[in-house]
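Engineer: what follows is a predicted protein model with its sequence.
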Amino acid sequence: MDLSGRTVLITGSAKGLGKMTAITLAKQGCDVAVNYVHSEAEAVGLVSQLEQLGVRSIAVQGDVAKQDDIVRMVETTVSKLGPIDILVNNAGPFFRERRFFADYQVDEIEYLMRGNLLGVMELDHLVLPMMRERRWGRILHFGFGKAAEARGWPHRAVYAAAKVGLVSFTKTLAEEEAAYGITVNMICPGDIRGRYKELTMQEAYLEADGETPVGRPGTGEDVARVIDFLCQAESDFITGNIMDISGGLDPIQTLPVLKQRNH
């Protein structure tokens with residue numbers, strides 16, 4: 001099983017989970033467009049690393065929350081690498097700071113919604129014609145653990161709303177595009193942070209994690225290997241799925257009890 005000659009655009013792939021996905025798909029023979037916003041040095045370094053694997057690769061700057069950037073990212077990828085066969089929507093703005101919805105600024109709400117929902121839809125819309133023409137395509141969305149249950153997530157109202165909307169969109173698009181040989185699935189990583197985003201599973205086996213039920217931290221490889229599997233030609237029967245890659249961790253229930261402010 002390999003993906004030789006396929007072109008993949010991975011948003012937010014200069015570092016972290018996106019980087020591990022880029023390396024994994026390049027090893028399968030994919031030509032890779034590495035997208036970044038500010039991490040130009042990391043993107044250029046990754047391009048060099050991927051080229052050493054024998055594939056073509058380019059670095060494409062662009063913010064998924066900005067429509068003009070989205071169009072330019074796709075046009076640049078197509079002009080330099082060819083029609084996009086695989087789109088991995090990895091990027092999505094997220095605020096670590098815990099805040100009530102009432103404390104968000106309007107421009108922050110719009111940015112989170114555009115980056116996590118509307119921008120993803122617009123990217124999908126741009127690549128669908130070329131996938132339809134070739135009657136083959138793989139689209140991957142990113143969510144969060146338990147997103148398919150549409151539960152409330154205090155302090156994460158906007159991000160959660162965008163991703164839960166993306167759950168419905170994933171399922172709808174999967175049904176609409178199945179006849180064209182296009183699959184659409186959502187990956188929901190667990191709480192994989194910092195250096196773990198670029199670690200291998202073998203490295204994680206050497207560490208313990210008391211919060212995750214399986215007993216070890218999750219890694220970028222855990223996520224990338226599932227994406228690799230879903231991109232294979234033989235995975236054409238798997239579409240419209242929302243997959244938790246979390247080691248059994250529930251990111252919502254493990255949060256501290258919500259406390260109201262004292263006025």
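Structural biologist: Perfect, I can see it now.

Engineer: would His197 count as being in a strand?
Structural biologist: Wrong residue type there; residue 197 is Lys, not His. No. With DSSP: H, G, I helix; E, B strand; the rest coil as the criterion, Lys197 is helix rather than part of a strand.

Engineer: for it, give me its contacts.
Structural biologist: For Lys197, the contact set (C-beta atoms under 8 Å, 6 or more residues apart in numbering) comprises Lys15, Gly16, Leu17, Lys19, Met20, Thr219, Gly220. Yep, even glycine has a C-beta here, placed from its N, CA and C like the rest.

Engineer: swap in Ala157?
Structural biologist: Ala157 neighbours (C-beta under 8 Å, 6+ apart): Phe100, Phe101, Tyr104.

Engineer: same thing but 10 Å
Structural biologist: Arg99, Phe100, Phe101, Ala102, Tyr104, Ile109, Leu112 (C-beta atoms under 10 Å, 6 or more residues apart in numbering).

Engineer: all helices of the stretch 1-150 of the chain, in order?
Structural biologist: For the stretch 1-150 of the chain, the helices defined by DSSP state H, counting those that start in this stretch cover 16-27, 40-51, 67-81, 106-113, 119-134.

Engineer: ok so, going back, out of the contacts of Ala157, flag the one nearest to Asn89.
Structural biologist: Closest to Asn89 out of these is Leu112 (14.7 Å), distances taken as C-beta to C-beta.

Engineer: can you give me the pLDDT of Gln253?
Structural biologist: According to the prediction, Gln253 has pLDDT 67.

Engineer: which SS class is the closest residue to Phe100 other than its chain neighbours?
Structural biologist: Using C-beta to C-beta, 6 or more residues apart in numbering and skipping residues adjacent in sequence, the residue nearest Phe100 is His155, 6.9 Å away. Following three-state DSSP, His155 is assigned to coil.

Engineer: tell me the pLDDT at His155?
Structural biologist: Looking at His155, its pLDDT is 87.

Engineer: gap between it and Ala148?
Structural biologist: From His155 across to Ala148, the span is 20 Å (C-beta to C-beta, to the nearest Å).

Engineer: pick out whichever of these two has more residues nearby.
Structural biologist: Ala148 (19 against 16; other C-beta atoms under 10 Å).

Engineer: give me every residue that touches that one.
Structural biologist: Per C-beta under 10 Å, 6+ apart, neighbours of Ala148: Lys163, Val164, Val167, Ser168, Thr170, Lys171, Met186, Cys188, Asn241, Ile242, Met243, Asp244.

Engineer: any stretches of the stretch 101-250 of the chain with poor pLDDT?
Structural biologist: Scanning the stretch 101-250 of the chain for pLDDT under 70 picks out 198-199.

Engineer: need the strands for it, in chain order.
Structural biologist: Secondary structure of the stretch 101-250 of the chain (DSSP state E, counting those that start in this stretch): strands at 137-142, 182-189, 242-245.

Engineer: distance to Thr24 and mean neighbour count added to those, as a markdown table?
Structural biologist: Output for those, formatted as a markdown table (distance: least, C-beta to C-beta, whole Å; neighbours: other C-beta atoms under 10 Å):
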| stretch | distance to Thr24 | mean neighbour count |
| --- | --- | --- |
| strand 137-142 | 12 | 26 |
| strand 182-189 | 13 | 24 |
| strand 242-245 | 14 | 19 |
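
Engineer: specify which member of the contacts of Ala148 is nearest to Val34.
Structural biologist: Using C-beta to C-beta, the contacts of Ala148 come closest to Val34 at Met186, 21.9 Å.

Engineer: show me what the closest one is bridged to.
Structural biologist: Met186 has the following beta-bridge partners by DSSP bridges: His141, Ile242.

Engineer: what about it, distance to Val88?
Structural biologist: According to C-beta to C-beta, Met186 and Val88 sit 11 Å apart.

Engineer: need the residues touching each of those two.
Structural biologist: Residues touching both Met186 and Val88 (C-beta under 10 Å, 6+ apart): Ile139, Leu140, His141, Phe142.
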